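Chemist: Take this sequence and fold it.
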Amino acid sequence: MSTMQAAQLITPQGKIFSLPPGMYEAILKILEKWKPAPRVARAEVLALVKETRGKYASGPSLVNALLAERSTEREREMRCDQERAEWFFKKQ
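Modeler: Residues are numbered from 1 along each chain as shown. Below you'll find the model as predicted:
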């Protein structure tokens, strides 16, 4: 004689919930219908971004402007990090 184990739902965070049979069936139907969004390769996304830069406006590309601004920020961050490292090692 075997005893039936209650259905359990385990979340990605590891929490465990016991489910009554009706709720288990409802969740199972939802999960069977749900399909995750298709995965697009990073190279395909980058190619699409490059292809459509400035395509929908007559002016300069917003993507190019944002990339240039981020590049400037990264250079400034690297200089600050370098200065902090030099200051730190001089003190020792």
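Chemist: residue ranges with poor pLDDT in the protein?
Modeler: Residues of the chain meeting the criterion pLDDT under 70: 1-4, 54-59, 91-92.
Chemist: what do you get if the cut-off is 50, keeping everything else the same?
Modeler: 1-2 (pLDDT under 50).
Chemist: Could you chop it up by domain?
Modeler: Listed domain ranges for the chain are 1-35, 42-91 (source: automatic domain parsing).
Chemist: now the ones you listed as TSV including mean neighbour count?
Modeler: Bear in mind the C-beta positions are built from the backbone N, C-alpha and C, glycine included. Listed next are the domains of the chain as TSV, based on neighbours: other CB atoms under 10 Å:
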stretch	mean neighbour count
domain 1-35	9
domain 42-91	10
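Chemist: Look up phi and psi at the nearest residue to residue 53 once chain neighbours are set aside.
Modeler: Nearest residue to residue 53, sequence neighbours excluded (CB to CB, 6 or more residues apart in numbering): residue 61, at 4.4 Å. Torsion angles at residue 61 (phi, psi; degrees, to the nearest 10) stand at phi -70, psi 130.
Chemist: what does residue 34 give?
Modeler: According to degrees, to the nearest 10, residue 34 has phi -70, psi 130.
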